[in-house]
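**Student:** task: produce atomic coordinates for the following.
(one chain, ligands or ions: 2)
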Amino acid sequence: MEKFKKIGILTSGGDAPGMNAAIRAVVRTALTMDVEVLGIYRGYSGLIAGDIRPLEIRDVSNIINKGGTMLYSDRCPEFKTPEGMAKAVEQCRNFGIDGIIAIGGDGTFRGATDLTAHGVPCIGIPGTIDNDIASTDNTIGFDTSMNTVIDLVDKLRDTCESHARCNVVEVMGRGAGDIALSAGIASGATAVVIPEFDVDIDYIIQQIEVGKNLGKRNFIVMVSEGVGSDFAPTLARRIEKSTGVETKFARLAHVVRGGNPTLRDRVLASTMGVIAVEQLLKGRSNVVMCERNGIVSPCDIRYALVLDKMYKCKLEAGDLDPFTSDEITQMEREVRRRRENMARLYGISKTINL
Ligand code: ADP
Ligand code: F6P
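**Tutor:** Ligands and ions are numbered 1, 2, ... in the order given. Now for the predicted structure:
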């Protein structure tokens with residue numbers, strides 16, 4: 001195996017707090033191992049355009065605590081075309097890039113696996129607030145986004161209490177209810193509505209009425225955007241009409257994607273960054289860093305992407321063909337475990353919501 005001399009690093013898709021901590025860890029680990037690092041700006045768009053500059057130790061100073069990504073991010077449809085891929089591979093050759101660490105979500109990993117197939121070894125690091133990557137218990141940015149949500153909802157609760165109001169709060173998460181569920185429990189929401197479980201609006205209304213009769217003055221209903229963009233404002237109107245409790249609607253949107261990363265995200269990002277470089281330099285590629293039961297280790301990207309489709313019930317014909325029956329059994333076990341965890345948390349959100 002040829003020794004790696006120069007590696008590239010990029011962030012792609014939606015940004016997430018903690019991406020900077022991962023960039024810092026990658027740069028410092030590689031430089032310590034006598035490998036140069038090139039920062040690829042604006043994700044795959046910057047790779048195609050050659051927006052690429054060397055990163056030194058001091059270039060990543062004072063970023064561990066910052067949200068966003070110093071390398072900027074982008075969504076790049078051109079990268080999915082054969083012409084875009086050819087340009088990207090050519091730029092890797094021009095800049096002498098021996099391998100790339102790509103921080104992002106499942107779209108970014110699909111790009112990374114294509115690039116690996118075209119001769120540029122890639123490793124993925126999961127960076128997205130949504131926590132919608134089934135192969136890892138936690139993605140970088142998830143913890144920070146939940147903490148931002150509870151901080152904002154605590155403030156809403158103050159004013160709800162003063163005015164005896166309800167607030168329906170919609171949070172991001174794309175198709176995944178992870179942010180809404182945990183932040184809902186942590187902020188004492190009366191109800192949580194997420195795409196993974198059927199919603200029972202009559203039950204929510206009944207819970208609010210029971211609470212009102214018990215003297216409760218503030219109500220929070222946490223809704224994940226994955227249930228549809230009209231759902232939360234419509235629910236707010238319905239609650240007010242049925243219960244007589246004045247009900248406001250708040251869409252937190254991108255505000256939960258910014259801000260300083262929490263301790264947990266900084267440590268996760270730093271750990272994944274270090275291990276990603278170690279793995280790449282050992283000759284490993286086409287893997288994504290995953291945290292399971294507190295341990296970070298590499299998982300084959302193809303396995304991770306199919307596991308994800310299985311979890312999201314989006315498997316297509318032929319998806320399981322490359323895998324052994326043991327691997328498929330393992331995937332089924334992992335999907336079950338994740339669904340059970342989700343169901344347990346959902347049960348908790350319903351049990352203690354009065
Ligand atoms: P995320 O990585 O957060 O899931 P996206 O789905 O927007 O975000 O993907 C980020 C980028 O990854 C896309 O803009 C595109 O350049 C690349 N990408 C996404 N899907 C694919 C794919 N199927 N094949 C190759 N590249 C892809
Ligand atoms: O994937 C992160 C995320 O913030 C999702 O929660 C949300 O659905 C989406 O990105 C928003 O995308 P955009 O930044 O393009 O508005």
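**Student:** what's the neighbour count on A317?
**Tutor:** 6 (other Cβ atoms under 10 Å). The C-beta positions use only the backbone N, C-alpha and C, and glycine is treated the same way.
**Student:** got a list of what it touches?
**Tutor:** Taking Cβ atoms under 8 Å, 6 or more residues apart in numbering, we find A317 in contact with no residue.
**Student:** who in the stretch 1-150 of the chain is up against ligand 1?
**Tutor:** 12-14, 44, 75-76, 79-80, 104-108, 110-111, 114, 128 (Cβ under 6 Å from any ligand atom).
**Student:** if you set the cut-off to 8 Å instead, what comes out?
**Tutor:** 12-14, 43-45, 74-80, 84-85, 104-111, 113-114, 127-128, 130 (Cβ under 8 Å from any ligand atom).
**Student:** buried subset of the residues you listed?
**Tutor:** Taking 16 or more other Cβ atoms under 10 Å as the criterion, what is buried in these is 12-14, 43-45, 74, 76, 79, 84-85, 104-111, 113-114, 127-128, 130.
**Student:** could you list which of those belong to helices?
**Tutor:** 43-45, 84-85, 106-111, 113-114 (DSSP state H).
**Student:** which among those residues gets closest to ligand 1?
**Tutor:** For these, the residue nearest ligand 1 by Cβ to the nearest ligand atom is G107; the value is 2.1 Å.
**Student:** OK, contacts around the residue of the chain positioned farthest from its centre?
**Tutor:** Residue farthest from the centre of the chain, counting by Cα atoms, centre = their mean, is N213 at 39.3 Å. Contacts of N213 were listed using Cβ under 8 Å, 6+ apart, and none were found.
**Student:** apart from its neighbours in sequence, what residue is nearest the residue in the stretch 151-300 of the chain that ligand 1 sits nearest to?
**Tutor:** For the stretch 151-300 of the chain, the residue closest to ligand 1 is R174, as judged by Cβ to the nearest ligand atom, at 8.4 Å. The shortest distance from R174 to any non-neighbouring residue, by Cβ to Cβ, 6 or more residues apart in numbering, is to D130 (5.0 Å).
**Student:** now do the one you found against N138, distance only.
**Tutor:** Distance, D130 to N138, by Cβ to Cβ, to the nearest Å: 11 Å.
**Student:** got it, and I97?
**Tutor:** Taking Cβ to Cβ, one finds I97 at 29 Å from N138.
**Student:** mind listing what's buried in stretch 211-225?
**Tutor:** Taking 16+ other Cβ under 10 Å as the criterion, stretch 211-225 shows 211-212, 216, 218-225 as buried.
**Student:** stretch 277-291 too?
**Tutor:** Buried-residue list, stretch 277-291, by 16+ other Cβ under 10 Å: 277, 279-281, 285-291.
**Student:** can you put those in JSON lines and add distance to D326, pLDDT and secondary structure?
**Tutor:** Compiled in JSON lines, these are given as follows (distance: Cβ to Cβ, whole Å; pLDDT from 0 to 100; DSSP: H, G, I helix; E, B strand; the rest coil):
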{"residue": "V277", "distance to D326": "30", "pLDDT": "98", "secondary structure": "helix"}
{"residue": "Q279", "distance to D326": "23", "pLDDT": "97", "secondary structure": "helix"}
{"residue": "L280", "distance to D326": "27", "pLDDT": "97", "secondary structure": "helix"}
{"residue": "L281", "distance to D326": "29", "pLDDT": "96", "secondary structure": "helix"}
{"residue": "S285", "distance to D326": "23", "pLDDT": "96", "secondary structure": "coil"}
{"residue": "N286", "distance to D326": "20", "pLDDT": "96", "secondary structure": "coil"}
{"residue": "V287", "distance to D326": "19", "pLDDT": "98", "secondary structure": "strand"}
{"residue": "V288", "distance to D326": "20", "pLDDT": "98", "secondary structure": "strand"}
{"residue": "M289", "distance to D326": "23", "pLDDT": "98", "secondary structure": "strand"}
{"residue": "C290", "distance to D326": "18", "pLDDT": "98", "secondary structure": "strand"}
{"residue": "E291", "distance to D326": "23", "pLDDT": "98", "secondary structure": "strand"}
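**Student:** for the residues you listed, which one is nearest P233?
**Tutor:** E291 (35.5 Å; Cβ to Cβ).
**Student:** my guess is the closest one meets I140, correct?
**Tutor:** No - using Cβ atoms under 8 Å as the test, E291 is too far from I140 to be in contact (9.6 Å).
**Student:** list residues touching both of these two?
**Tutor:** In contact with both E291 and I140: 268, 272, using Cβ under 8 Å, 6+ apart.
**Student:** run a quick neighbour tally on T190.
**Tutor:** 22.
**Student:** so who does it touch?
**Tutor:** By Cβ under 8 Å, 6+ apart, the neighbours of T190 are 166, 204, 207-208, 211, 219-221, 353-354.
**Student:** show the end-to-end separation of stretch 28-42, please.
**Tutor:** 21 Å (Cα to Cα, to the nearest Å).
**Student:** same thing with stretch 179-198?
**Tutor:** 17 Å.
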